[in-house]
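# Return atomic coordinates for the entry below.
(one chain, ligands or ions: 1)
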Amino acid sequence: MIFSEVLGIKCHGCGKKIKFNTFLCESCIKKIKNPEVTYIGFNVYHYGKYTELLKELIIKYKFSGYEGLKKLFGNFLTESILNNTENINDFEITYIPSSEKSIRKKGFIPAKIIAEEISADLNIKLTEIFSSGAKKEQVKITSDKRETNVSGKFVLKNHIPKKLIIIDDVFTTGSSMKEAFRLLNSQCEVVGFTVAKA
Ligand SMILES: [Zn+2]
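Numbers count the residues shown, from 1 in each chain. As a prediction, the model looks like this:
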């Protein structure tokens, strides 16, 4: 490719010259891709493992304010969604929120940015369903429900769609996904997707 030669675009993994507007070469993507699924009351699909290159890239993305990888992670999850979900147009998409402390520190919500990419790629509606403990939103919820919400990490901030895809960057213990699922209260079909599994 002329462009990559002129601009000297290199793979973030191995340094090999690559196509314009990509981050990794084919062989580095092949190394990262390691699909797995975890069942926690619903299926959560993972693109790869939280080790080596994928771990390095996620750390770069989440902790160095480097949003440039959003396209790559968006592409990974778009591929997973297409491989594992039927009738994607029936779904809405949402994400696991970051804590308020993390949002203040990073200035962005990593999972949200990835969900936005996927929403645009697949033309499915992004709905902000969960919020991390924002007191303002709790006021809108009836008092008996409020107690349940205060005890958890998140609150519901929107309607519950019939079918929902939940996005997160890294799946560790699954506690965030489980908490999100609990809040949905069996009112919709849920499927989760994460970039990596720790
Ligand atoms: Zn490479």
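# from here on, contacts and neighbour counts on C-alpha atoms
Noted.
# Surely residue 169 and residue 111 touch.
Yes - between residue 169 and residue 111 a contact is recorded at 5.6 Å, counting by C-alpha atoms under 8 Å.
# what packs against the longest helix along the chain?
Secondary structure of the chain per DSSP state H: the longest helix is helix 70-84. Applying 3 or more C-alpha pairs under 8 Å, 6 or more residues apart in numbering; DSSP states H and E, one finds that helix 70-84 contacts strand 43-49, helix 110-122, strand 189-197.
# Now tell me what touches it from outside.
Outside of helix 70-84, the residues within contact range by C-alpha atoms under 8 Å, 6 or more residues apart in numbering are 22-23, 45-47, 61, 88, 113-115, 117-118, 121-122, 193-195.
# again, only using 6 Å
When contacts are taken as C-alpha atoms under 6 Å, 6 or more residues apart in numbering, the neighbours of helix 70-84 outside the stretch itself are 114, 117, 118.
# cool, and stretch 174-188?
The contact list for stretch 174-188 (C-alpha under 6 Å, 6+ apart) reads 162, 163.
# buried sites along that stretch?
Using 16 or more other C-alpha atoms under 10 Å as the burial criterion, the residues of stretch 174-188 that qualify are 174, 176, 177, 180, 181, 183, 184.
# quick one: which of these is nearest to the ion?
Of all these, the ion sits closest to residue 174, with 30.0 Å by C-alpha to the ion.
# Report pLDDT for residue 142.
In the predicted model, residue 142 carries a pLDDT score of 51.
# what do you get for residue 41?
You'll see residue 41 listed with a pLDDT of 96.
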